[in-house]
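[1] next comes the sequence, and after it the predicted model I'd like to discuss.
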Amino acid sequence: MLIVARTGNLYIADNANNRIRILTPTGSSCVYSVAPASLQAPSAGQTSPPGVSGAITTATLPPPQVTPAPLLAVGVLINGQPALYVYAGETPGLVAGMMQLNVQIPSNAQSGNLPITVSIGGNTSQNGVTVSVQ
């Protein structure tokens, strides 16, 4: 479901209505979630099984890992606290190399816009990325 508010915000609800993503006219984004938050990241390196360059990813593997998974170690910090990721794999419906990362917000996380850091192998995401927690 998509809703556009008078303020210009775009509200996107997932199929199960577990999450709502809000995109503002300035391009900032936040996710309200009762389930794990879903993040998208370009290129997680090599995957198992190997991805096919230029191919659209489909969910063809048996659950719980339905798409190719990164070979390198994945880590997530929210407000400096380790956060459990419950899924890391190529994003179904997008070109191979786009990774979906489903992250459980730590139960003791404070409310507000909290810094989130994703590391894959020895590479860490840029500073200044936040996730909105309520």
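    The structure has been received and is ready for your questions.
[2] CA atoms for contacts and neighbours, from now on please.
    OK.
[3] and the next element down the chain from the lengthiest strand in the chain?
    Using DSSP state E, we find that the single longest strand of the chain is strand 112-120. Following strand 112-120 in sequence order, the next helix or strand is strand 123-124 (DSSP states H and E).
[4] quick one: mean pLDDT for that following strand?
    On average, the pLDDT along strand 123-124 is 86.
[5] the helix or strand that comes right after it: which residues count as buried?
    Using DSSP H and E, the helix or strand that directly follows strand 123-124 along the chain is strand 130-133. For strand 130-133, burial by neighbour count (16 or more other C-alpha atoms under 10 Å) applies to Thr130, Val131, Ser132.
[6] residue contacts, the residue nearest the centre of the chain?
    By C-alpha atoms, centre = their mean, the chain has its centre lying nearest to Leu39, at 1.0 Å. Applying C-alpha atoms under 8 Å, 6 or more residues apart in numbering, one finds that Leu39 lies in contact with Gln100, Leu101, Asn102, Val103.
[7] now do the longest strand of the chain, average pLDDT.
    89.
[8] quick one: contacts of that strand?
    44, 72-80, 124-134.
[9] quick one: Gly128 and Gly27, what's the gap?
    As judged by C-alpha to C-alpha, to the nearest Å, Gly128 and Gly27 stand 14 Å apart.
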